[in-house]
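*Asks:* what shape does this take:
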Amino acid sequence: MATVLVTGASGFIAAHVVAAFLRNGYNVRGTVRSEKSAAEVRQTHADYASQLSISIVPDIAAPHAFDEAVKGVNGIIHTASPFVLNANDYEKELFQPAIQGTTSILKAAQEHNPDVRRVVITGSFASVLDPSKGLRPGYVYTEADWNPVTVEEAGTNGSIAYLASKTFAEQAAWKYVKDNKPNFSVTTLLPPMVFGPVVHHVKDVDSLNTSSADIYRLINGSETEVPVNAFWAFVDVRDVAAAHVLAFEKPEAAGQRYLLYTSPYSYQQFCDIIREKFPQLRETTPMGTPGAPIPPVYTLDTSKAVQQLGMKFRPLEETIVDTVESFLKI
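*Replies:* This is a model prediction of the structure:
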């Protein structure tokens, strides 16, 4: 049984990634910031207690943060990176943890574990999207595209800073591989907005992760109007998790970027599905203009992920229904 290290194991996406590897028979070592988070991760994956271990990494941006955590594993899944759209201190909240967290784990693997054969990095469509082009009707983004954001532009606002942090972190990873030629290969996965059921520990709905809170606000009565989209592409978190396992296992994934994507979406679609499938939430879910079409927007080409990884993607309705059901349990 191979052992994989999953960084940021208490996170929304990471919890599904950990579960996917455990289900596939792997041993998983997860990194978290505190003993409290460690206990919560163990509780989330209690059915696989014998396959799961935890390593405490208080600050992923600190020098040598992962030196101990990487020892004795066969591969690394690096999911730990902030998803914050309203940061105040961009350098501290976004750039340092995203960029230094990525390069430090690659450095730790190269210097402290010759047995690592593959590092899969949870990147983002943020490093592909050109936000200056807007909706870009008819344009199809591929893995050849890069966000052209500059360091100067990165400090413009919170959303641009987040997109920049993901772009700079992925660029830093590929630069590290080019400059240092490690024994392991790197693969980056590039999902847009990631929605889906919550399986990680959440004490209450006020503690939801950013993308889950984005849907929860549609059912809790806080939105009287259907919100306007800032992003237009999504993928289910369970498909993202499956992609991590495949990207780790497939030889042809070495050195590749992969876009992960289900379809365009609008909040109107979300509200329509919620109001139809959950009659008890109609009073607190805005009606808007039922059935209003999505405006012409960019799409993402996932043919590479489908052909090389064997990916399949869940439909939007399944994602929304399962997500809302998970909220109701919380």
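*Asks:* state the mean pLDDT of stretch 208-222.
*Replies:* Averaging pLDDT along stretch 208-222 gives 94.
*Asks:* next: stretch 131-149.
*Replies:* For stretch 131-149, the per-residue pLDDT averages 96.
*Asks:* quote the end-to-end distance of that stretch.
*Replies:* Using CA to CA, to the nearest Å, one end of stretch 131-149 lies 9 Å from the other.
*Asks:* other residues contacting that stretch?
*Replies:* If you take CB atoms under 8 Å, 6 or more residues apart in numbering as the criterion, stretch 131-149 is touched by 125-130, 159-160, 163-164, 166-167, 171, 190, 232, 256-259, 295-301, 304. All C-beta spots, glycine's among them, are computed from the backbone N, C-alpha and C.
*Asks:* rerun at 6 Å
*Replies:* 127-130, 164, 167, 257, 259, 296-301 (CB atoms under 6 Å, 6 or more residues apart in numbering).
*Asks:* centre of this structure to the edge, which residue is at the far end?
*Replies:* Residue farthest from the centre of the chain, counting by CA atoms, centre = their mean, is E283 at 31.5 Å.
*Asks:* helix, strand or coil for the nearest residue to it once chain neighbours are set aside?
*Replies:* Leaving out its chain neighbours, the residue that sits closest to E283 by CB to CB, 6 or more residues apart in numbering is G221, at 7.7 Å. G221 carries the three-state label coil when classified by DSSP: H, G, I helix; E, B strand; the rest coil.
*Asks:* show me where this structure has strands.
*Replies:* With strands called from DSSP state E, the chain shows them at 3-7, 27-32, 52-56, 75-78, 118-122, 140-141, 185-190, 193-195, 233-236, 257-259, 263-264, 299-300.
*Asks:* adding distance to Y176 and mean neighbour count, write those strands out as a markdown table.
*Replies:* A markdown table is the format used below for those (distance: least, CB to CB, whole Å; neighbours: other CB atoms under 10 Å):
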| stretch | distance to Y176 | mean neighbour count |
| --- | --- | --- |
| strand 3-7 | 16 | 26 |
| strand 27-32 | 19 | 25 |
| strand 52-56 | 22 | 17 |
| strand 75-78 | 12 | 28 |
| strand 118-122 | 10 | 25 |
| strand 140-141 | 24 | 16 |
| strand 185-190 | 8 | 24 |
| strand 193-195 | 25 | 23 |
| strand 233-236 | 26 | 26 |
| strand 257-259 | 15 | 24 |
| strand 263-264 | 34 | 18 |
| strand 299-300 | 26 | 22 |
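*Asks:* I'd like the ones you listed as TSV, with distance to R217 appended.
*Replies:* Converted to TSV, the strands of the chain look like this (distance: least, CB to CB, whole Å):
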stretch	distance to R217
strand 3-7	28
strand 27-32	27
strand 52-56	32
strand 75-78	29
strand 118-122	24
strand 140-141	27
strand 185-190	26
strand 193-195	13
strand 233-236	16
strand 257-259	27
strand 263-264	20
strand 299-300	25
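*Asks:* of those strands, which is nearest I274?
*Replies:* In terms of CB to CB, the element of these nearest to I274 is strand 193-195, at 12.5 Å.
*Asks:* and the closest one, how far from the chain's centre?
*Replies:* Chain-centre distance of strand 193-195: 8 Å, with CA atoms, centre = their mean, to the nearest Å.
*Asks:* for it, name the packing helices and strands.
*Replies:* Judged by 3 or more CB pairs under 6 Å, 6 or more residues apart in numbering; DSSP states H and E, strand 193-195 is in contact with helix 210-216, strand 233-236.
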